[in-house]
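Student: Make a model of this:
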Amino acid sequence: MSSSLRKTRGMSTSSNYTVEVEKYAERHFISSFKKKYKGAWGVTWKAIEEELKRIDTLIGVNNYVETIKSGQDLLICKTEFRVAGTQESRHGSGNRCIIAIHKVAKIVRVLLVYGKGDVSGSRETEWWQNVIKENYSDYSPHF
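Tutor: Presented below is the predicted three-dimensional model:
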């Protein structure tokens with residue numbers, strides 16, 4: 001598994017997850033959000049991070065987190081987000097995160113953060129699954 005760029009420990013609640021951003025996600029996607037949205041990205045990322053720390057509370061709520069693959073210890077999910085200061089809804093923004101939730105270890109790994117404009121072709125799910133297969137050997141067997 002690739003080493004993580006950022007790790008964030010949860011507050012004092014034992015139900016919080018540790019959030020880890022994979023280097024591939026940072027290099028290929030998050031850096032472009034930082035450039036495009038400048039100051040708004042910091043606020044946006046902090047909100048995303050806080051939600052991911054409490055991922056259990058969002059699964060199955062208002063379609064914020066869609067479970068794509070489910071195993072005994074691992075969930076691979078897609079979440080939606082909007083950038084702070086924009087008028088778009090989460091869904092309408094076209095902004096997504098692909099995450100791997102390790103339930104026993106209480107870790108959420110951010111694998112991809114992208115906008116619909118990053119998707120090549122017309123099949124979003126097929127696109128991001130191929131990106132995962134090509135760049136994350138630990139997760140490719142799940143697809």
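Student: what's the pLDDT at Arg6?
Tutor: In this model, Arg6 is scored at 45, pLDDT.
Student: okay, now Pro141: neighbour count?
Tutor: Counted with other C-beta atoms under 10 Å, the neighbours of Pro141 add up to 7. The way it works is simple: take the backbone N, C-alpha and C, and place the C-beta from them, glycine included.
Student: Next one: it from Ile101, what distance?
Tutor: 17 Å (C-beta to C-beta, to the nearest Å).
Student: where in the chain is pLDDT low?
Tutor: 1-14, 61-62 (pLDDT under 70).
Student: how close does the residue nearest to the spatial centre of it get to Gly71?
Tutor: Nearest to the mean C-alpha position of the chain, by C-alpha atoms, centre = their mean, lies Cys97 at 3.1 Å. Taking C-beta to C-beta as the measure, Cys97 and Gly71 are separated by 19 Å.
Student: beta partners for the closest residue to Ser70 other than its chain neighbours?
Tutor: Leaving aside its chain neighbours, Ser70 sits nearest to Ile76 (8.0 Å; criterion: C-beta to C-beta, 6 or more residues apart in numbering). Ile76 has the following beta-bridge partners by DSSP bridges: Lys69, Ala100.
Student: for Ile76, what are its contacts?
Tutor: Residues counted as contacts of Ile76 (C-beta atoms under 8 Å, 6 or more residues apart in numbering) are Thr67, Ile68, Lys69, Ser70, Ile98, Ile99, Ala100, Ile101, Ile132, Tyr139, His142.
Student: Glu50 versus the fifth one, what's the distance?
Tutor: Here Ile98 is placed at a distance of 18 Å from Glu50 (C-beta to C-beta).
Student: Between those two, tell me which one has more neighbours.
Tutor: Neighbour count, other C-beta under 10 Å: between Ile98 and Glu50, Ile98 has more, with 23 against 14.
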